[in-house]
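J.: Following is a predicted model, sequence given first.
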2 protein chains.
Amino acid sequence: MTIPSTGKALRERARTGLWSKPTAGVAPGYAQANLVVLPRDCAFEFFLFCQRNPKPCPILDVTDAGDPEPLRVAPGADLRCDLPLYRVYRSGQSFTETTDIFNLWQPDSVGFLLGCSFTFDHALAAAGIIPRHVEEGRNVPMYRTNIPTTPAGRFRGPLVVSMRPMTPSQAEVATRLSAAFPRSHGGPVHVGNPATIGIVSLEHPDYGEAVSVRPGEIPVFWACGVTPQAAIAEAGIDMAITHAPGHMFVTDLIDTGN
Amino acid sequence: MTIPSTGKALRERARTGLWSKPTAGVAPGYAQANLVVLPRDCAFEFFLFCQRNPKPCPILDVTDAGDPEPLRVAPGADLRCDLPLYRVYRSGQSFTETTDIFNLWQPDSVGFLLGCSFTFDHALAAAGIIPRHVEEGRNVPMYRTNIPTTPAGRFRGPLVVSMRPMTPSQAEVATRLSAAFPRSHGGPVHVGNPATIGIVSLEHPDYGEAVSVRPGEIPVFWACGVTPQAAIAEAGIDMAITHAPGHMFVTDLIDTGN
């Protein structure tokens, strides 16, 4: 099966059940997005959380309460079925995964779409830095750090980061390239030593899958839009729906950097 | 009396009743801000309105419900008394003005601070373009236009603009300079013909005061943070509190452009 080359093509595959894998490497140039669906009652506080933590939570679109169509980034799309895989968090840590959320969407559900680092993977690849998770066909590894977010109401918790291993000289190029994508987390938050940001073992990511780190390579860490999932788990919200980590909403927005 | 040279100095004057005038020209280099105070019940929709209309409504800070201290832009300040003059809108169009809002602030009040074009007046003056309202000691003239904002929930209405008259060559310089202040409305939305954007008479502004337009000058219009006041009036919110147009909250943020 070919890899979808546009946001719309990926969404159609996801909608019809033909794509339930991670979205790294699909639709190059199209902005990918993290999803958070919350009841309207929590929406103001979560908006505040994003406003105060723009590095992990760059807002691409927010829907009106009850409206599953993200009008500004993908008119005609449906947040209830156009992602490959969803997580449903109930009362905190415990979650289940599902391929659509028609039966969970409420008249007061608000959808937040936040930028994702998969958006700049294409630019890294074009510069000869094939992201290891793309090369190995795995989900990107993601880790909880010891870097706190700025709280907003009941939302608080650690920054979550994604990791790409590369050589030091590649890390310099990747830093410059990703900084041109501020709506997709921008430049890295840390380069080099996992322990400095509280990561015990690169081989045991908290989300996604481990990838190979080769001799001479160092880990490069970017803020990640899974950060809200850690905050939702800590807040103990009755029910929140997100994308499954790595299984993003692919928008119609072209983002090839500033 | 000297003109306050810092945000803190202006706020102390306002707090003690020693400054109830417009804030154009005070505390050069410090970011000035529009204020909107709404009950928590309206806060999500208003946040959405700002998100969808970033040109008139660039968000500098949003307080937690009930907290009058804008921690990120002016720690220690108090939104209930640190502005020179407030407007209190009740059920839409009708409003009163007051110099503090202690008796109106509620446990669920949320304060929004939005960037203001007074922030770049200093840069214009440094380039030899003294804003006419500063030169004439008047409030800046502001007008409702025929340009619609993007609605969010009950908030909708016309874009409001501020106007500075200048020569065409000054307008080119001012366009370039103000574009470097994206958190203060950035570059102009229109240059030249008031009728094109639905303004009937420059001599009769909807907010603020008229200023002289000299032979050879053209009007230059910037998006204005009074836009929410037009939306609040149309929405018929039970009670909303804003700054009186031109009487801004002066922050501790230094903003001298990108």
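T.: It's in. Numbers count the residues shown, from 1 in each chain, chains lettered A, B, ... in the order given.
J.: Neighbours of the nearest residue to A:R15 once chain neighbours are set aside, how many?
T.: Nearest residue to A:R15, sequence neighbours excluded (Cβ to Cβ, 6 or more residues apart in numbering or on different chains): A:C81, at 4.9 Å. Every C-beta, even on glycine, is put in place using the N, C-alpha and C of the backbone. A:C81: 18 surrounding residues under other Cβ atoms under 10 Å in any protein chain shown.
J.: A:C81: what secondary structure?
T.: coil (DSSP: H, G, I helix; E, B strand; the rest coil).
J.: Now do the strands in chain A.
T.: For chain A, the strands defined by DSSP state E cover A:30-39, A:59-62, A:86-90, A:95-98, A:109-115, A:142-148, A:158-166, A:190-191, A:218-223, A:239-243, A:249-254.
J.: Parallel or antiparallel, list what pairs with the first one.
T.: The strands beside strand A:30-39 in its sheet (DSSP bridges) come out as strand A:109-115 (antiparallel), strand A:239-243 (antiparallel), strand A:249-254 (antiparallel).
J.: circling back to that earlier point, list the contacts for the residue nearest to A:R15?
T.: Taking Cβ atoms under 8 Å, 6 or more residues apart in numbering or on different chains, we find A:C81 in contact with A:A14, A:R15, A:T99, A:D100, A:I101, A:F102.
J.: 10 Å - rerun?
T.: By Cβ atoms under 10 Å, 6 or more residues apart in numbering or on different chains, A:C81 lies in contact with A:R11, A:A14, A:R15, A:T16, A:G17, A:P68, A:T99, A:D100, A:I101, A:F102, A:W105.
J.: Out of these, which comes closest to A:G246?
T.: A:A14 (13.1 Å; Cβ to Cβ).
J.: Could you report the separation of the closest one from A:V26?
T.: Between A:A14 and A:V26 the computed distance is 10 Å (Cβ to Cβ, to the nearest Å).
J.: Touching both of those two, which residues are there?
T.: Shared contacts of A:A14 and A:V26, counting by Cβ under 10 Å, 6+ apart, come down to A:P4, A:P84, A:M248, A:V250.
J.: Quick check: bridge partners of the last one?
T.: A:V250 forms beta bridges with A:Q32, as assigned by DSSP bridges.
J.: What residues does it make contact with?
T.: Contacts of A:V250 by Cβ under 10 Å, 6+ apart are A:4, A:6-11, A:13-14, A:19, A:23, A:26-27, A:30-33, A:73-74, A:77, A:82-84, A:116, A:118-119.
J.: From these, list the buried ones, please.
T.: Neighbour-count burial (16 or more other Cβ atoms under 10 Å in any protein chain shown) is assigned, among the contacts of A:V250, to A:4, A:6-11, A:13-14, A:19, A:23, A:26-27, A:30-33, A:73-74, A:77, A:82-84, A:116, A:118-119.
J.: Restricted to helices, list the residues you listed.
T.: Among the buried ones among the contacts of A:V250, the members falling in helices (DSSP state H) are A:G7, A:K8, A:A9, A:L10, A:R11, A:R13, A:A14, A:F118, A:T119.
J.: Dump those residues to CSV, plus pLDDT.
T.: Formatted as CSV, those follow (pLDDT from 0 to 100):
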residue, pLDDT
A:G7, 97
A:K8, 98
A:A9, 97
A:L10, 97
A:R11, 98
A:R13, 97
A:A14, 97
A:F118, 96
A:T119, 96
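J.: Any idea which of the strands paired with strand A:30-39 gets closest to A:G216?
T.: Using Cβ to Cβ, the strands paired with strand A:30-39 put strand A:109-115 closest to A:G216, at 30.6 Å.
J.: mean confidence score for the closest one?
T.: Summarised as a single mean, pLDDT over strand A:109-115 is 98.
J.: Could you do stretch A:44-60 as well?
T.: The average pLDDT for stretch A:44-60 rounds to 97.
J.: Repeat that for stretch A:177-189.
T.: In this model, stretch A:177-189 carries a mean pLDDT of 97.
J.: which stretches of the stretch 1-150 of chain A aren't confidently modelled?
T.: Applying pLDDT under 70 to the stretch 1-150 of chain A flags the ranges A:1.
J.: can you list the strands of chain A in TSV and add distance to A:P205?
T.: Shown next, in TSV, are those (distance: least, Cβ to Cβ, whole Å):
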stretch	distance to A:P205
strand A:30-39	16
strand A:59-62	25
strand A:86-90	16
strand A:95-98	16
strand A:109-115	20
strand A:142-148	6
strand A:158-166	8
strand A:190-191	15
strand A:218-223	11
strand A:239-243	16
strand A:249-254	22
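J.: Distance-wise, check the residue of the stretch 101-250 of chain A found nearest chain B relative to A:N53.
T.: Nearest to chain B in the stretch 101-250 of chain A, going by Cβ to the nearest Cβ, is A:G153, at a distance of 6.5 Å. Note on A:G153: its distance to A:N53, by Cβ to Cβ, is 13 Å.
J.: For A:T16, give me its contacts.
T.: So A:T16 contacts A:C81 (Cβ under 10 Å, 6+ apart).
J.: make it 6 Å
T.: Contacts for A:T16 (Cβ atoms under 6 Å, 6 or more residues apart in numbering or on different chains) come out as none.
J.: circling back: which ChimeraX command selects the buried ones in the contacts of A:C81?
T.: ChimeraX command restricting those to the buried ones, with burial defined by 16+ other Cβ under 10 Å:
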select /A:11,14,15,68,99,100,101,105
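J.: quick one, helices of the stretch 101-250 of chain A?
T.: In the stretch 101-250 of chain A, the helices defined using DSSP state H, counting those that start in this stretch lie at A:118-126, A:132-135, A:168-179, A:227-235.
J.: Need the CA coordinates for the second one. CSV is fine.
T.: The C-alpha trace of helix A:132-135 is given here as CSV (Å, rounded to 0.1, in the frame of the first residue of the first chain):
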residue,chain,number,x,y,z
ARG,A,132,15.5,6.8,13.1
HIS,A,133,11.8,6.0,13.8
VAL,A,134,11.0,6.5,10.1
GLU,A,135,14.0,4.4,9.0
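J.: picking that back up, the residue of the stretch 101-250 of chain A closest to chain B: neighbouring residues, count only.
T.: Neighbour tally, A:G153, other Cβ under 10 Å: 14.
J.: That one and A:F44 touch, don't they?
T.: No - A:G153 is beyond contact range of A:F44, at 7.9 Å (criterion: Cβ atoms under 6 Å).
J.: which ones are touching whichever residue of chain A sits closest to chain B?
T.: The nearest approach of chain A to chain B comes at A:F44, 4.1 Å away (Cβ to the nearest Cβ). Applying Cβ under 6 Å, 6+ apart, one finds that A:F44 lies in contact with B:A43, B:F44.
J.: what do you get if the cut-off is 10 Å, keeping everything else the same?
T.: A:F44 sits in contact with A:38, A:110, A:152-153, B:40-48, B:62, B:64-65, B:110, where contact means Cβ under 10 Å, 6+ apart.
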